[in-house]
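3D model of this:
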Amino acid sequence: MICKKCGRKYEDDMPKCLWCDAPNEDYVLPSENYTNNTAKQICNAQENGLCECEILAKSAICWLKISFIPFLLIYILGIEFLFKFTLFSLFFLCFLPPLIFIYYSLCKAIYKCCAWLYFVEKHQHHFFKTNFLPWEAVFCALAPFVFPFVHCYIFRDLLAQQKNVLEKNKLKYSKLPRWVYPAVLVSGIAIQIGFYIVNFTQMQDVFFSETIILGSLLCFILYASYIKVIRTITANTSALYSLPDVVSTADSPTDTPTDVPDDQQRSA
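The predicted structure follows:
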């Protein structure tokens with residue numbers, strides 16, 4: 001559509017010119033039922049996405065708390081003890097339920113955290129573009145040895161993009177404490193080193209009490225950091241979904257149209 005007043009072009013379905021606010025004579029006002037149905041569909045989709053994100057976050061945090069003790073036991077006692085306990089449980093079935101609980105809680109916690117990460121990475125694309133596809137983020141997050149660095153990179157990318165969009169739309173942004181990234185890196189690396197010491201050296205027999213104290217502290221810091229990250233990213237996601245009609249993406253233009261025609265702008 002070309003405006004009869006200023007001569008500039010704009011979309012045919014716009015009620016008025018974007019540049020001089022002249023009314024569009026060919027614009028047809030949509031019916032009330034169509035408008036209401038469209039609005040309800042958008043609201044329902046946004047609410048469903050938000051509810052699912054919060055449910056996945058709560059479930060991931062819950063299973064992280066449940067799996068803390070089994071993870072700590074495996075870290076302190078080592079793989080050899082777990083292997084012997086597994087064989088022992090096969091002969092004495094009364095010890096089988098604790099063994100099932102250890103394996104199930106750890107696998108369930110990993111699955112729930114991956115499901116939350118996949119959902120967040122997938123639905124953040126409505127607002128901005130991340131450096132990872134959903135399945136790429138999950139696959140990289142499960143990488144052994146380097147997982148502390150990968151996790152920090154994924155979390156930093158998500159939070160940085162969320163901050164840009166939320167601040168651009170003047171929405172509340174939940175900031176992650178500064179101690180979280182160093183805590184994930186230090187505790188994640190230290191736990192892997194300690195796990196190697198416990199399973200492949202004899203130092204555990206000499207420093208058994210120190211292993212328990214240090215291992216408990218490191219595991220607690222790592223789990224607390226992940227819980228804080230999940231809560232922060234989920235809170236920012238809720239803020240993005242709270243005002244869907246005003247949210248603009250990070251790639252949307254920020255400049256506003258002026259009343260000066262293109263010919264005058266070029267000459268200026």
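
what is the neighbour count of Ser111?
Not quite, residue 111 is Tyr, not Ser. Using other CB atoms under 10 Å, the number of residues around Tyr111 comes to 13. All C-beta atoms are positioned from the backbone trio N, CA, C, and that covers glycine.

now swap in the one 4 residues further on and tell me
Around Ala115 there are 15 other residues, counting by other CB under 10 Å.

which element is it on?
Here Ala115, judged by DSSP states H and E, is contained in helix 96-123.

just the CA coordinates for the following helix or strand past that helix, please, in CSV.
Using DSSP H and E, the next helix or strand after helix 96-123 towards the C-terminus is helix 134-141. Provided in CSV are the C-alpha atoms of helix 134-141 (Å, rounded to 0.1, in the frame of the first residue of the first chain):
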residue,chain,number,x,y,z
PRO,A,134,18.1,-27.7,21.6
TRP,A,135,19.6,-31.2,20.9
GLU,A,136,23.1,-29.7,20.6
ALA,A,137,22.8,-28.1,24.0
VAL,A,138,21.7,-31.4,25.6
PHE,A,139,24.4,-33.4,23.8
CYS,A,140,27.2,-31.0,24.8
ALA,A,141,25.9,-30.7,28.4
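
elements contacting helix 134-141?
Contacts defined by 3 or more CB pairs under 8 Å, 6 or more residues apart in numbering; DSSP states H and E place helix 134-141 against helix 96-123, helix 147-168.

could you dump those helices into TSV and include mean pLDDT and distance to Glu54?
Output for these, formatted as TSV (pLDDT from 0 to 100; distance: least, CB to CB, whole Å):
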stretch	mean pLDDT	distance to Glu54
helix 96-123	88	10
helix 147-168	90	15
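
looking at those helices, which is nearest to Thr237?
Thr237 sits nearest to helix 96-123 of all the helices and strands packed on helix 134-141, at 6.5 Å, using CB to CB.

relative to Asp26, how far out is Leu87?
As judged by CB to CB, to the nearest Å, Leu87 and Asp26 stand 80 Å apart.

Ile55 too?
Per CB to CB, Ile55 is found 46 Å from Asp26.

same question, Ser238
For Ser238, the distance to Asp26 - CB to CB - is 40 Å.

tell me which of those two has more neighbours.
Set side by side, Ser238 and Asp26 show more neighbours around Ser238, with 16 against 8, by other CB under 10 Å.

the more buried one touches Glu54, doesn't it?
Yes: using CB atoms under 8 Å, Ser238 is in contact with Glu54, at 7.0 Å.
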